[in-house]
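A.B. asks: pasting a predicted model and its sequence here:
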Amino acid sequence: MAAGSLFKKTFLMLGGNMAAVVLQAVQFILLARTLGAAEYGAFASVNAMVAIVVPLAGLGYGNVMLMTVSREHRAAPVQLGNCLAVTVALGLTLVMAIMLAVQAVYGPKGNLPLAMVVGLSELVLVRCCLVAGQLFQAMDQIKRLSLINVSVSLCRVLAIGGLLVSDRPQALNWAMISATLLLLLTLVHVPAAARLAGGLRLSLAALQSQWRDATYFALGTSAKAAYTDLDKVFLGRTAPSAELGVYTTAYRLVVMAFIPVRSLLDVTASRFFKSGQAGVQHSYALSKKLIRFSVPYGMVVGLGMYVCAPLVPWILGPSYADTAEVLRWLAPLPAIQAVHYVLSDALTGAGYQRVRTQIQFLVLAIYAGLGLWLIPSHGWHGAAIVCLVSESLLAVLVILAVTKLLRQP
């Protein structure tokens, strides 16, 4: 791919993702203000559980499709058909599992209708749209991929408009409106992806031959989702909804601030797979180029969040007064993540997804142990400590793994 073409597509992808970031920020601010800390906390408790199992909705076959179709476009019909079938079947199964988990973990505090609607939206509808996006990405259709990312975020923002005119602004109302819009979106993007692929085909032989790679992708992404949101599950079980809403709000701000780096990694995902075919040295060389941007960016944005933290209650409302302190605790996260996200992609691109997954599950075990110990007694302070310690450990372990592999013949 020519340098000019790569720059153009990278710029287009980043522009689309930044538009999605703006929409996510608008959604977050409007939804938080409209629902209030307590109702937003109820939504966050359900959303945290859904986020943990989201990667299992496709069982990693989306990543396998991206890797396979990037190298051989003729595989698109089978890869897309298999990926959509697995996504829908497992997504519906996970929705039922989420409802049982909400009842078991939260007891009378659990909102089963909200869990069902959010689960269907995130585990089936959104995932089908993202599968279509991965097909467009593999086929080098970056413009359509950006459109999907933006349109998914736009649906959630538009749903808040319906919530604002409602007499009872509740999380369930917003979730139902959002699900309806996402269904319409799915009926647009999935057929378009099928046309580009040249149809849809199911192949049990392909599913069986690729299940190992798909499982490693799914387990790794699941572990990441778990140690990202497990603290909120623990906090939702023991803390008031308002405290969970405050902590989730601060964490969400950190996530949004880091999206430019995540967008850059999305753009270079196929390049990691292609360069990694020649060995970890080549995928590591690509990661070094990205780190020159990601780490300084993480440090600057972390400092900016620390300085600007007192503005958050002014923007979101007085019920989020404690968010400023939480945000300052979490300010080091972008710089830490800037290291382990980029180097982890170097492992994946070189065919060491198994190593990456093993590291993630080790961190997840430590995360869960620290969470059970610190969060019930220390509230959001314990959650912040667990988050910072675990993310730092992940960065150290990934650095050690890459260093060891580079020294091997």
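C.D. replies: The structure has been received and is ready for your questions.

A.B. asks: you'd agree L147 is up against G16?
C.D. replies: Yes. Checked against CB atoms under 8 Å, the pair L147 and G16 is within contact range at 7.0 Å. No exception for glycine: its C-beta is placed from N, CA and C like everyone else's.

A.B. asks: which of these two has more neighbours?
C.D. replies: Set L147 next to G16 and count neighbours by other CB atoms under 10 Å: G16 wins out with 22 against 18.

A.B. asks: you'd agree that one is up against Q141?
C.D. replies: No. Applying CB under 8 Å, one finds G16 not in contact with Q141, separated by 12.0 Å.

A.B. asks: could you find the closest non-adjacent residue to L164?
C.D. replies: Distance criterion CB to CB, 6 or more residues apart in numbering; nearest residue to L164, sequence neighbours excluded, is T34 at 6.4 Å.

A.B. asks: ok, V339 to L333 distance?
C.D. replies: 11 Å (CB to CB, to the nearest Å).

A.B. asks: actually A51, sorry about that
C.D. replies: On the measure of CB to CB, A51 and L333 end up 17 Å apart.

A.B. asks: more neighbours, these two?
C.D. replies: Shown here are A51 and L333; by other CB under 10 Å, L333 has more neighbours (23 against 19).

A.B. asks: other residues contacting stretch 198-210?
C.D. replies: Defining contact as CB atoms under 8 Å, 6 or more residues apart in numbering, one finds that stretch 198-210 is touched by 61, 64, 68, 76-82, 84-86, 194.

A.B. asks: repeat for stretch 302-316
C.D. replies: So stretch 302-316 is contacted by 29, 32-33, 249-250, 253-254, 257, 320-321, 323-325, 327-328, 330-335 (CB under 8 Å, 6+ apart).

A.B. asks: for stretch 399-409, same thing?
C.D. replies: When contacts are defined by CB under 8 Å, 6+ apart, stretch 399-409 is touched by residues 280-281, 284, 339-340, 343, 346-347, 350, 352, 355-356, 359.

A.B. asks: from these, pick the one nearest L244.
C.D. replies: Distance to L244, by CB to CB, is smallest for H340 among the contacts of stretch 399-409, at 25.9 Å.

A.B. asks: in contact with the closest one: list those residues for me.
C.D. replies: Taking CB under 8 Å, 6+ apart, one finds E391, L394, A395, V398, I399 in contact with H340.

A.B. asks: just the pLDDT at it, thanks.
C.D. replies: With respect to pLDDT, H340 has a value of 93.

A.B. asks: and what of F272?
C.D. replies: At F272, pLDDT is 85.

A.B. asks: you'd agree G133 is up against L145?
C.D. replies: Yes. Using CB under 8 Å, G133 is in contact with L145, at 4.8 Å.

A.B. asks: picking that back up, the residue nearest to L164: which element?
C.D. replies: helix 3-53 (DSSP states H and E).

A.B. asks: same thing with L327?
C.D. replies: helix 323-330.

A.B. asks: what bits of the chain have low per-residue confidence?
C.D. replies: Along the chain, segments meeting pLDDT under 70 span 1-11, 14, 37, 109-110, 165-169, 239-241.

A.B. asks: show me where it has strands.
C.D. replies: Counting by DSSP state E, the chain forms no strands at all.

A.B. asks: now L311: how far from G199?
C.D. replies: Counting by CB to CB, the gap from L311 to G199 is 52 Å.

A.B. asks: ok, now C387?
C.D. replies: Counting by CB to CB - C387 and G199 are separated by 45 Å.

A.B. asks: between those two, which has more neighbouring residues?
C.D. replies: Taking neighbours as other CB under 10 Å, C387 and G199 compare with C387 leading, 26 against 12.

A.B. asks: OK, contacts around the more buried one?
C.D. replies: So C387 contacts D231, Y251, L330, L333 (CB under 8 Å, 6+ apart).

A.B. asks: same question, L135
C.D. replies: Counted by CB under 8 Å, 6+ apart, L135 has contacts M65, V69, A76, Q79, L80, A193, L196, A197.

A.B. asks: run a quick neighbour tally on the first one.
C.D. replies: Neighbour count of M65, defined by other CB under 10 Å: 28.

A.B. asks: ok, and the closest non-adjacent residue to it?
C.D. replies: Q79 (4.1 Å).

A.B. asks: my read is that the residue nearest to L164 contacts I160, right?
C.D. replies: Yes. In this structure, T34 is within contact of I160 by CB under 8 Å, at 6.5 Å.

A.B. asks: which residues are in contact with each of these two?
C.D. replies: W174.

A.B. asks: can you list the domain ranges for the chain.
C.D. replies: What the record gives for the chain is the domain set 1-202, 240-409, from automatic domain parsing.
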